[in-house]
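Novice: Predicted model and sequence below, questions to follow.
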Amino acid sequence: MEPILFILFGAIAVAGSIMVVTRKHPMASALYLILTLFAVAALFVLRQAHFLAAIQVIVYAGAVVVLFIFVIMLINVPENKLPVERLTALRFLGVAAAGLLILEGAVLARKTTMPGGTAADSGSVQAVGRALFTDYLLAFEITSVLLLAAVIGAIALAKKKI
Amino acid sequence: MNAPLFDIGVSVARIAVFFAFVFGLVVIMTWVERKGAAYMQDRRGPNRARILGMTLGGIFHPLADALKFLFKEDFIPDSAHRLFYQMAPMFALAPAILTIAIIPFGPPVTVAGRQIPLQIADLNVGILYLFAVSGMAVYGVVLAGWSSNSKYPLLGGLRSSAQMISYEVSMGLSIVGILMVFSSVQLSEIARGQGELLFGILPKWGVFVQPLGFILFLVAQYAEANRTPFDLPEGESELVAGYHTEYGSFKFSMFMMAEYLHMVVGAAVVATLFFGGWQFPYLGDAGFLFPGGAAVAVPAWAVLLLRIGSFVAKTLFFAWLYVWVRWTIPRFRYDQVMRLGWKVMLPLALLNIFVTGLVLLLIDRGGV
């Protein structure tokens, strides 16, 4: 059952992300992005990372993409005025880079062995919480300082006079 | 019967029963809403629909409504973005349905030597699943507002997305205290933990250990469900009907169903987190055990019935509270909604977490 689900959600994630970059309308891209994020969350669940899956959906699908859609709504470009993107040399370079990445992944997958099945509760709320507040406490706290700096920076950039 | 088949059968049965319960309540709530509104405004309310000469206080009106929604023309405005316009009601309804899955309707029961939780899915991430799924509801509203390609829906959609994002923050923070007290995010664990007694007399319900958390959560929930006093996204006096102005027939009814599902599930979540869920005060597995020492033995089946009944009663009360509040409290102004969310609710929720942590630490140290 698990390999079938893995292939299913993996295929949805890949197809969804291709759609994100190929759709003409930004709203369609944003909705495909939600689909991709959900599929990735499902992959997390298959690896027993339940907490990570929930947070992925809450933060990315529930908050970040909402802001994207907010911006798309506010700008609201009519469909016939959407910019037509042309094929440029840069795009071919991008495709080549993506091909190289896939090749690299294939080589790595052949050379290294996949880690075995993880313990059933290694991704539970309790396990992640314990790890975050013991082994990785310093990194966890420093991340919060980084986020605070980002918040202050955003406000300072957005508002000339506070 | 072999084990996997038994499991599948039990799962299907649970889903069917809870689904029927919640959707039945949705239908009844549309009637309660109109009847409640009528009584609060000193009029009789719906009383015309009749079957075989019986009106039964207008209980048939939801049926008439459903038929009307089904048979009306399925209309799409010319200038709407067709695909997104048709997707929006589904985006609104699907998350509302999915949230039913993690609500514990009763204690685990033992059937044929196997424990069966009265809950569709007892997830390890528990309440986080609820936040993840209900966070998706905003897409339905936003997509409806934008894809209608019309002024009022767009304004409604914008208002609602800003409001839902703002209140999601305080909603998430307001229950952290509860999670700390019961040291679990699983709703089944939280419901079980509330069966204990506080100081030997008071049931250890969430509302008694987290009164501030309860108020904040309730307010945030009303804002999330876009109900008065936070129904700015559909404020009829300024925005016609807000984000679903351009919707008719069954698509409109899907938005309505989503709203009432949010109310019913929201009521069940409040009952579970803050009012003991399926716990009946002083009722243990073997019967009543009152603080004075008096005990009354109750057979197991009656205990189960009392507990499920207690959950249903609490849910009904909080569903009614939505109606009660809607027809008694006037709407906020938009800047007031934002100020309340960010400058009052958020600091109070953070303070609540801090104080809860401090008290828990002191109890831990002092061994109280």
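Specialist: That came through, no problem.
Novice: Excluding sequence neighbours, find me the nearest residue to the residue in chain A positioned nearest to chain B.
Specialist: Residue of chain A nearest chain B, by C-beta to the nearest C-beta: A:Gly62 (3.0 Å). Every C-beta, even on glycine, is put in place using the N, C-alpha and C of the backbone. Excluding the flanking residues, the one nearest A:Gly62 by C-beta to C-beta, 6 or more residues apart in numbering or on different chains is B:Gly135, at 3.0 Å.
Novice: can you check B:Ile59 too?
Specialist: In this structure, B:Ile59 finds its nearest non-sequential neighbour in B:Trp31, 5.8 Å apart by C-beta to C-beta, 6+ apart.
Novice: Next, the one you found: secondary structure please.
Specialist: helix (DSSP: H, G, I helix; E, B strand; the rest coil).
Novice: ok, so what distance separates it from chain A?
Specialist: 33 Å (C-beta to the nearest C-beta, to the nearest Å).
Novice: Now do the contacts for that residue.
Specialist: Neighbouring residues of B:Trp31 by C-beta atoms under 8 Å, 6 or more residues apart in numbering or on different chains: B:46, B:58-59, B:61-62.
Novice: would a markdown table of those with neighbour count and pLDDT be doable?
Specialist: Formatted as a markdown table, these follow (neighbours: other C-beta atoms under 10 Å in any protein chain shown; pLDDT from 0 to 100):
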| residue | neighbour count | pLDDT |
| --- | --- | --- |
| B:Pro46 | 20 | 78 |
| B:Gly58 | 19 | 74 |
| B:Ile59 | 18 | 76 |
| B:His61 | 19 | 80 |
| B:Pro62 | 19 | 79 |
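Novice: closest to chain A among those residues?
Specialist: B:Pro62 (31.6 Å).
Novice: Let me see the contact set for that closest one.
Specialist: B:27-28, B:30-31.
Novice: Tell me the spacing between the residue of chain A closest to chain B and B:Gly157.
Specialist: 17 Å (C-beta to C-beta, to the nearest Å).
Novice: With A:Leu74 instead?
Specialist: The value you get for A:Leu74 to B:Gly157, if C-beta to C-beta is used, is 11 Å.
Novice: for B:Gly357, same thing?
Specialist: From B:Gly357 to B:Gly157 the distance is 38 Å (C-beta to C-beta).
Novice: what about stretch A:41-54, how long is it end to end?
Specialist: Taking C-alpha to C-alpha, to the nearest Å, stretch A:41-54 runs 7 Å from one end to the other.
Novice: what is the rounded mean pLDDT of it?
Specialist: Averaging pLDDT along stretch A:41-54 yields 86.
Novice: Was I right to think the residue nearest to A:Gly62 contacts A:Ala63?
Specialist: Yes: counting by C-beta atoms under 8 Å, B:Gly135 does reach A:Ala63; the two are 7.2 Å apart.
Novice: Domains in chain A, by residue range?
Specialist: Here the domain parsing of chain A from automatic domain parsing is A:2-121, A:124-162.
Novice: For the spatially most central residue of chain A, pull up the helix or strand it's in.
Specialist: With distances taken as C-alpha atoms, centre = their mean, A:Leu37 lies nearest the centre of chain A, 5.8 Å away. Under the criterion of DSSP states H and E, A:Leu37 resides in helix A:26-46.
Novice: who's in contact with that helix?
Specialist: By C-beta under 8 Å, 6+ apart, helix A:26-46 touches A:2, A:5-6, A:9-10, A:12-13, A:16-17, A:19-21, A:23, A:50, A:52-54, A:56-57, A:60-61, A:65, A:68-69, A:72, A:77, A:82, A:123, B:81, B:84, B:87, B:139, B:143, B:146.
Novice: are any of the residues you listed buried, and which?
Specialist: For the contacts of helix A:26-46, a burial check counting by 16 or more other C-beta atoms under 10 Å in any protein chain shown picks out A:9, A:12-13, A:16-17, A:19-20, A:50, A:52-54, A:56-57, A:60-61, A:65, A:69, A:72, A:123, B:81, B:84, B:87, B:139, B:143, B:146.
Novice: Show me the helices in the stretch 201-350 of chain B, by range?
Specialist: Here the stretch 201-350 of chain B has its helices, by DSSP state H, counting those that start in this stretch, at B:206-209, B:211-224, B:236-239, B:249-274, B:300-326, B:334-339, B:346-366.
Novice: tell me what the host helix or strand of A:Leu8 is packed against?
Specialist: In this assignment (DSSP H and E), A:Leu8 forms part of helix A:2-22. Secondary-structure packing of helix A:2-22 (3 or more C-beta pairs under 8 Å, 6 or more residues apart in numbering or on different chains; DSSP states H and E): helix A:26-46.
Novice: got the buried residues for the helix it packs on?
Specialist: Buried, per 16+ other C-beta under 10 Å, within helix A:26-46: A:27-46.
Novice: For chain A, give me the ranges with low pLDDT.
Specialist: Applying pLDDT under 70 to chain A flags residues A:114-121, A:161-162.
Novice: which parts of it sit against chain B?
Specialist: A:27, A:31, A:34, A:50-51, A:53-55, A:57-58, A:61-63, A:66-67, A:69-70, A:72-74, A:76, A:79, A:121, A:124-125 (C-beta under 8 Å from any C-beta of the partner chain).
Novice: Spatially central residue for chain B, please.
Specialist: The structure's chain B has its C-alpha centroid closest to B:Gly266; by C-alpha atoms, centre = their mean the separation is 1.1 Å.
Novice: residues in contact with the residue lying closest to that residue once chain neighbours are set aside?
Specialist: Leaving aside its sequence neighbours, B:Gly266 sits nearest to B:Gln221 (C-beta to C-beta, 6+ apart; 4.9 Å). For B:Gln221, the contacting residues are B:171, B:266, B:269-270, by C-beta under 8 Å, 6+ apart.
Novice: For burial, what's the neighbour tally of B:Gly36?
Specialist: The number of residues packed around B:Gly36, counting by other C-beta atoms under 10 Å in any protein chain shown, is 18.
Novice: got it, and the one 4 residues further on?
Specialist: By other C-beta under 10 Å, the residues close to B:Met40 number 14.
Novice: for it, what are its contacts?
Specialist: B:Met40 touches B:327-328, counting by C-beta under 8 Å, 6+ apart.
Novice: Next one: it from B:Glu33, what distance?
Specialist: Going from B:Met40 to B:Glu33 by C-beta to C-beta gives 11 Å.
Novice: which residues are contacting stretch A:68-75?
Specialist: Contact with stretch A:68-75 is made by A:26-27, A:30, A:33, B:139, B:142-143, B:145-146, B:154, B:157-158, B:161-162, as judged by C-beta under 8 Å, 6+ apart.
Novice: go on, stretch B:298-311?
Specialist: B:104-107, B:109, B:118, B:268, B:271-272, B:276-280, B:283, B:285-288.
Novice: Just the buried subset of these, please.
Specialist: The neighbour count (16+ other C-beta under 10 Å) marks B:104-107, B:118, B:268, B:271-272, B:276-280, B:283, B:288 as buried among those.
Novice: Max pairwise distance over the residues you listed: which two?
Specialist: Using C-beta to C-beta, the pair of those lying farthest apart is B:Ala268 and B:Phe288, separated by 24.7 Å.
Novice: count of neighbours near the nearest residue to B:Tyr260 once chain neighbours are set aside?
Specialist: Nearest residue to B:Tyr260 in three dimensions, chain neighbours excluded: B:Val26, at 4.4 Å (C-beta to C-beta, 6+ apart). Other residues within reach of B:Val26, judged by other C-beta under 10 Å, total 22.
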